[in-house]
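Trainee: Okay, here's the prediction I keep looking at, along with the sequence it came from:
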Amino acid sequence: MKIAVDTDALVKLAKCSLKERVTAEHQLLLGPAVRKEAVDQGKAGGHADALLIEQNLEAGRLRMVAVPRIAKGEAAARALGLDHGEADTLRLVASGEADLALSDDRRFLRVLEDLGLPYATSAALLRTLVEDGRIERGEGLRYLDRLSPMISEEEYLETRAALED
Amino acid sequence: MAVKSLRIPPELLKVIRHRAASERLDESNATRQLIQLGAEEYAVRLYRDGKATLDQAADLAGVPVREMLEILWAHGVSGNVTLRQHRTALEHLRKAKRSSRRS
């Protein structure tokens, strides 16, 4: 599956070390603005996750792609700010370059919903990897605990209950 | 830099003077710092309540997007995705998986 990731979700996946497990199963795509936010701004701020993301890009585990401008979603993309990562992510899904968007941002998910574009969240992605047997249940719970300071309480509790079930 | 004149109530003036004295700043600089703090807090609330995206919150706070994430976590905002959105995300993932298996 091709997944267009935004900065929010990319940084969270890197910080909880889930990124490698996700990229083993799915193709993670990102636009140039997401790279700038996650890598360039991250390195400038001294965040170790930025170096990990950069290494993954160099190793081809993450793929930066050109972002096509398309009619569908263009107005919404403009409203989000043309230079920004969320707009890149939206365009990648709206153009069909990616199957869905990966984001943990409520407002951005609502924009995607309004446009009828499919999305995933970090916790939902983890849950499906466990459901598919790609990650063992106990390991999934450990990833979830690492994700927990960065996801909503509702998502955490729902995912925990599903993984323990 | 734009120049704005405004009337400041005594309770806010007290905070400005406290900041100026404790940080050894003039009152203009202390006022700017406090407005910046307020802008950050405002951006955090908008993001937390799902009224702004991360990029929009960063713009309002005047900080890089990556820094905005740190500010949110420092304010105890762990995430803002709703239960409904989580369940919709699961449906989307399962549907996309079925489609990719078929193709």
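Mentor: Good, I have the coordinates. Numbering: from 1, shown residues only, chains lettered A, B, ... in the order given.

Trainee: May I have the secondary structure class of B:Gln33?
Mentor: helix (DSSP: H, G, I helix; E, B strand; the rest coil).

Trainee: which SSE is the closest residue to it other than its chain neighbours in?
Mentor: When the adjacent residues along the chain are set aside, B:Gln33 lies closest to B:Arg19, with 6.4 Å between them (C-beta to C-beta, 6 or more residues apart in numbering or on different chains). For every residue, glycine as well, the C-beta is placed using N, CA and C. B:Arg19 is part of helix B:10-23, with elements assigned from DSSP states H and E.

Trainee: quick one: buried residues of the lowest-mean-pLDDT helix or strand in chain B?
Mentor: Among the secondary structure pieces of chain B, namely its helices and strands, helix B:83-102 has the lowest mean (mean pLDDT, DSSP states H and E), a mean of 91. For helix B:83-102, the buried set under the neighbour-count rule, 16 or more other C-beta atoms under 10 Å in any protein chain shown, comprises B:85-86, B:88-90, B:92-93, B:96-97.

Trainee: What of stretch A:115-128?
Mentor: Applying a neighbour-count criterion of 16+ other C-beta under 10 Å, one finds A:117-128 buried in stretch A:115-128.

Trainee: near chain B too, which of the residues you listed?
Mentor: By C-beta under 8 Å from any C-beta of the partner chain, the members of the buried residues of stretch A:115-128 lying near chain B are A:118-121, A:123-125, A:127-128.

Trainee: So which of those residues sit within strands?
Mentor: Among these, the ones falling in strands (DSSP state E) are A:119-120.

Trainee: from the ones next to chain B among the buried residues of stretch A:115-128, which is closest to A:Ser17?
Mentor: Checking these against A:Ser17 by C-beta to C-beta gives A:Leu125 as the nearest, at 14.0 Å.

Trainee: Test for you: state the pLDDT assigned to that closest one.
Mentor: In the predicted model, A:Leu125 carries a pLDDT score of 96.

Trainee: check contacts around it.
Mentor: Neighbouring residues of A:Leu125 by C-beta atoms under 8 Å, 6 or more residues apart in numbering or on different chains: A:3, A:22, A:102, B:89, B:93.

Trainee: where's the last one relative to A:Ser122, distance?
Mentor: I take that to be B:Leu93. Counting by C-beta to C-beta, to the nearest Å, the gap from B:Leu93 to A:Ser122 is 11 Å.

Trainee: now do A:Gly96
Mentor: Summarising the geometry, the distance separating A:Gly96 from A:Ser122, computed by C-beta to C-beta, is 23 Å.

Trainee: Would you mind putting the CA coordinates of the lowest-mean-pLDDT helix or strand in chain A into PDB?
Mentor: Least confident element among the helices and strands of chain A, by mean pLDDT, DSSP H and E: helix A:74-80 (a mean of 72). Presented in PDB, the C-alpha positions along helix A:74-80 are these (Å, rounded to 0.1, in the frame of the first residue of the first chain):
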ATOM      1  CA  GLU A  74      -6.500  22.300  -4.700                       C
ATOM      2  CA  ALA A  75      -8.700  24.900  -3.000                       C
ATOM      3  CA  ALA A  76      -8.400  23.000   0.300                       C
ATOM      4  CA  ALA A  77      -4.600  22.700  -0.300                       C
ATOM      5  CA  ARG A  78      -4.400  26.400  -0.800                       C
ATOM      6  CA  ALA A  79      -6.300  27.100   2.300                       C
ATOM      7  CA  LEU A  80      -3.800  24.900   4.200                       C
END
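
Trainee: ok, then the element right after that helix?
Mentor: Helices and strands here follow DSSP H and E; after helix A:74-80, the next one along the chain is helix A:85-94.

Trainee: Report all helices and strands that that next one contacts.
Mentor: Secondary structure elements in contact with helix A:85-94, counted by 3 or more C-beta pairs under 8 Å, 6 or more residues apart in numbering or on different chains; DSSP states H and E, are strand A:2-5, strand A:27-30, helix A:32-35, helix A:74-80, strand A:100-102, helix A:106-114, helix B:54-61.
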